[in-house]
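J.: I would like the atomic coordinates for the input below:
(chains A and B)
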Amino acid sequence: MLKRRPLVTGNKTYKDVTDDICELIERPPGIHFMGLFLSVQVLFLFYLVVLACIVYTGMGLMGVNSPVGWGTDIITFVFWIGIGHAGTLISAVLFLFRQKWRTSIARTAEAMTVFAVMTAGLFPILHTGRPWLAYWLLPYPNQRGPLWVNFRSPLVWDVFAVSTYATVSIVFWYVGLIPDFATVRDRAKNKVRKKIYGALSLGWRGSARDWNNYEMVYMLLAGLSTPLVLSVHSIVSFDFAVAQLPGWHTTIFPPYFVAGAIFSGFGMVITLMCIVRHLVPKFKDYITIDHMEVMNKIILTTGLIVGYAYGSEFFIAWYSGAPYEQYVFVNRAFGPYGWSYWIMVSCNVITPNIFWFKKLRRSIPVMFVASIFVNIGMWFERYVITVTSLHRDFLPSQWGMFDMTFFDLGALIGSFGMFLFLFLLYLRLVPAVSIAEVKPVLFVGKDKPGGHH
Amino acid sequence: MANPIENVVNKLEDLLRPKTKSGLVGIWLDDHKMVDAARMVRESGIQKFEAISPFPLHGIDDAMGIPRSIIPWVTFIFGLLGCGLGTLFTYWVSAVDWPLIIGGKPMFSLAAFIPIIFECTILFAALSSVGAMFYINGLPKIDPVIIDPDLTCHKFALFVPEESDGYSKDNLEKIFKDMGAIEVRPAEF
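T.: Purely as a prediction, here's the structure:
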């Protein structure tokens, strides 16, 4: 009979699981962590300064112009939203598929989703140029008519999709955290910690009736998040696909964007998990090399889907016989922005193929580097889609170029400061592996008297 | 005269403070034995009692006779409500209150409104389900009774309140001890 691999290594008992995971919250951080945290904080402060400059002076500081009216802000927004998708895929979709290996990475992946969506959300608001009027995006009774939003516009769909996604992700994440906060509360020796985590746990008791309703809600949220996450990136792709612009106006965009989002998101999960495993060696028993290998397989699969989408786009451009469409694609690969196209292809189509080999799939340094390449490639994918389609359209007299300024780069790089700042804070303040979810799968792959699996 | 704000705070605290019952508790280290004990307690004729565990236990619902949660109905009804309100709102805004011809589309362009309606459905369904869970489970509560702090870590407990029909301290003590409880004592929960 095929033997299942254990999901948690190191022969842990229930008590060990609690101790291992809560320890991170209860002891002061080490030198490695503090070093990383301080440098991330500097980057975050730099980001705030860049944002303040842009808000104070105006969008003129960034590279957007006519005809390239969508620049770094939109590219980076799509990039971060995409990152978030892997977290929901792990926490919701894999839950519905009863993939038990998801339990030890779901919490951190879901946290990544929440922080990525928070980071992403700032960009379209910044792009409006007058962020203090961003609430105009919402339909509310006002004294300007009342003037309502245009519900036929994909940009309004996006406001609804992203805000619903952010809300439901945060709620889903928090519901998962309630029993774990209760665990931290009950073992707290420190009075302040007991109070704070007691409030966060909402007075959770863990009776069988509580669990009965809790598990039902958890499953329902997973079931609701699954179509939600697919809708979000489909709607993000509609921002492009609904416009009558060659290179954007294609029906392949929704599935292509969703696959790309999962691809980049898993890239980011691998990057973060490598960092977590380095910072917290104890977590290697929970986030095992088997987990990393499975995620690399998903990167390989979605990478192939993305590669297929690139090919299909080219084929359809030729097959459609539309000269503008054909020109856009030739211009993408061989025009002035050809370099970005080939960066995208080498990072997204070529790099993941190393994961055909088991040895490379299970090597931490290899996957760390590859995951960063995946993320670079996916940022460039959005760059290619946005910039190459806009910079040359129907009339050559309207052609132009897009050059990134210092502030474009600052906002892009600085956003990693915000994301990592939130992530590192999370790592020390919240149980980073779901305690209540790992315990039931503790004995998977092991022979335990009286056990089921 | 007491401060009115203080009054409100006190009332709120009373509302959020759990009402406890006294009874007998048995504590186990092995979850399977605890589930078996729960079945025996139920077979002895006691219907209302509690099991406390650090994670959801396989088979405890059957052992204790806990019915399927009613929350899916809340999700369904509020999902429908979100869907209906989303449709109504987009229709009212686009065709009644602010009718504008945009892109030659009809005033009530249902196809273009589906993303909005869909997101409203999900948002209503998700938030109402969580709200229902909070309501049914009585969350939030302040200062919940903690029988043993390890019950959110590695211990499992059964609590039988004195007021339940068929409560007999000696009989329960015997069941708990026979089933391998490491600790049996009177408690509040």
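J.: now do the contacts for residue 167.
T.: You didn't pick a chain, so chain A it is. Each residue near A:T167 by Cβ atoms under 8 Å, 6 or more residues apart in numbering or on different chains is listed here: B:L123, B:A126, B:L127. (Glycine included, C-beta is placed from N, CA and C.)
J.: please refer instead to chain B.
T.: Contacts for B:Y167 (Cβ under 8 Å, 6+ apart) come out as B:G23, B:I46, B:V160, B:P161.
J.: and what of A:G121?
T.: By Cβ under 8 Å, 6+ apart, the contact set of A:G121 is A:F77, A:V162, A:A166.
J.: name the helix or strand for residue 33, please.
T.: Reading this off chain A. Using DSSP states H and E, A:F33 maps to helix A:31-57.
J.: nope, chain B please
T.: Following DSSP H and E, one finds B:K33 within helix B:31-43.
J.: could you check the next helix or strand after that helix against chain A for contacts?
T.: Following helix B:31-43 in sequence order, the next helix or strand is strand B:50-52 (DSSP H and E). Yes - for strand B:50-52, a contact with chain A is found by Cβ under 8 Å from any Cβ of the partner chain, at B:E50, B:A51, B:I52.
J.: following the helix or strand of chain B with the lowest mean pLDDT, which helix or strand shows up next?
T.: Using mean pLDDT, DSSP states H and E, helix B:4-16 stands out as the lowest-scoring helix or strand of chain B, at a mean of 85. Remark: after helix B:4-16, the chain's next helix or strand is strand B:22-28, criterion DSSP H and E.
J.: near chain A at all, that next one?
T.: No - applying Cβ under 8 Å from any Cβ, one finds strand B:22-28 out of contact with chain A, separated by at least 11.7 Å.
J.: re earlier: can you pick the most crowded of the contacts of B:Y167?
T.: Comparing these by number of neighbours (other Cβ atoms under 10 Å in any protein chain shown), B:V160 comes first, having 25 neighbours.
J.: thinking again about what came up before, and the helix holding A:F33, what other elements does it pack with?
T.: helix A:103-127, helix A:253-279, helix A:406-429 (3 or more Cβ pairs under 8 Å, 6 or more residues apart in numbering or on different chains; DSSP states H and E).
J.: what mean pLDDT does that helix get?
T.: Mean pLDDT, helix A:31-57: 95.
J.: give me the angle between the next helix or strand after that helix and helix A:31-57.
T.: Note on helix A:31-57: by DSSP H and E, the next helix or strand toward the C-terminus is helix A:72-88. Per axes from the mean of the first three to the mean of the last three Cα atoms, to 10 degrees, the angle that helix A:72-88 makes with helix A:31-57 is 140 degrees.
J.: please identify which of the contacts of A:T167 is nearest to A:A222.
T.: For the contacts of A:T167, the closest approach to A:A222 (Cβ to Cβ) belongs to B:A126, at 10.4 Å.
J.: from chain A, how far off is the closest one?
T.: Distance of B:A126 to chain A, given as Cβ to the nearest Cβ, to the nearest Å: 5 Å.
J.: dump the residue contacts of that residue.
T.: Listed by Cβ under 8 Å, 6+ apart, the contact set of B:A126 reads A:T167, A:V168, A:V171, A:F172, A:L220, A:L221, A:L224, A:S225.
J.: on the pLDDT front, check the second one for me.
T.: It refers to A:V168. The per-residue pLDDT reported for A:V168 equals 96.
J.: leaving out chain neighbours, which residue sits closest to it?
T.: B:A126 (4.7 Å; Cβ to Cβ, 6 or more residues apart in numbering or on different chains).
J.: just the fourth one next, same as before
T.: Excluding its sequence neighbours, the residue lying closest to A:F172 (Cβ to Cβ, 6+ apart) is A:L221, at 4.7 Å.
J.: let me see the contact set for the one you found.
T.: Contacts for A:L221 (Cβ under 8 Å, 6+ apart) come out as A:A92, A:V168, A:V171, A:F172, A:V175, B:A126, B:S129, B:V130.
J.: does A:L224 touch B:A125 like I think?
T.: Yes - the criterion here is Cβ atoms under 8 Å, and A:L224 meets it with B:A125 at 5.6 Å.
J.: more neighbours: these two, which one.
T.: Higher neighbour count among A:L224 and B:A125: B:A125, with 26 against 23, using other Cβ under 10 Å.
J.: what's the spacing between the residue most central in space within chain B and A:S169?
T.: Chain B has B:N137 as the residue nearest its centroid, 3.1 Å off, counting by Cα atoms, centre = their mean. Applying Cβ to Cβ, to the nearest Å, the value for B:N137 to A:S169 is 22 Å.
J.: report the contact partners of the closest residue to chain A within chain B.
T.: Here chain B gets closest to chain A at one residue, B:K141, 3.1 Å apart by Cβ to the nearest Cβ. Going by Cβ under 8 Å, 6+ apart, B:K141 touches A:L202, A:G203, A:R205, B:L16, B:R17, B:P18.
J.: next one: A:C22
T.: Neighbours of A:C22 in contact, by Cβ under 8 Å, 6+ apart: A:T183, A:V184, A:R187, A:P431, A:I435.
J.: among those residues, which are in reach of chain B?
T.: The residues of the contacts of A:C22 that also fall near chain B, by Cβ under 8 Å from any Cβ, are A:T183, A:R187, A:I435.
J.: just the element for the residue of chain A found nearest chain B, please.
T.: Closest contact between chain A and chain B, by Cβ to the nearest Cβ, is at A:G203 (3.1 Å). For A:G203, there is no host helix or strand (DSSP H and E).
J.: can you tell me how far it sits from B:L100?
T.: Distance from A:G203 to B:L100, counting by Cβ to Cβ: 51 Å.
J.: higher neighbour count, the two?
T.: Per other Cβ under 10 Å, whichever of A:G203 and B:L100 has more neighbours is A:G203, with 22 against 10.
J.: name the SS class of the closest residue to that one other than its chain neighbours, please.
T.: Of all residues not flanking A:G203 in the chain, B:K141 sits nearest, at 3.1 Å (Cβ to Cβ, 6+ apart). At B:K141 the chain is in coil, as set by DSSP: H, G, I helix; E, B strand; the rest coil.
J.: over to the one 5 residues further on?
T.: The local conformation at B:I146, judged by three-state DSSP, is coil.
J.: what are the phi and psi values at it?
T.: Phi and psi for B:I146, reported as degrees, to the nearest 10, are phi -110, psi 110.
J.: what does the pLDDT read for it?
T.: Value listed for B:I146 in the pLDDT field: 88.
J.: mind listing what it touches?
T.: By Cβ under 8 Å, 6+ apart, the contact set of B:I146 is A:D186, A:R205.
J.: run the last query once more with 7 Å
T.: Taking Cβ atoms under 7 Å, 6 or more residues apart in numbering or on different chains, we find B:I146 in contact with A:D186.
J.: now do the one 3 residues further on
T.: Taking Cβ under 7 Å, 6+ apart as the criterion, B:P149 is in contact with A:D186, A:R187.
J.: cool, the one 10 residues further on as well?
T.: Remark: with contacts taken as Cβ under 7 Å, 6+ apart, B:F159 is in contact with B:G23, B:V25, B:F49, B:E50, B:I52, B:I147, B:A187, B:F189.
J.: repeat the analysis, applying 8 Å as the threshold.
T.: B:F159 neighbours (Cβ under 8 Å, 6+ apart): B:G23, B:L24, B:V25, B:F49, B:E50, B:A51, B:I52, B:I147, B:A187, B:F189.
J.: ok, and the most crowded of the residues you listed?
T.: Going by other Cβ under 10 Å, B:A51 tops the contacts of B:F159 with 27 neighbours.
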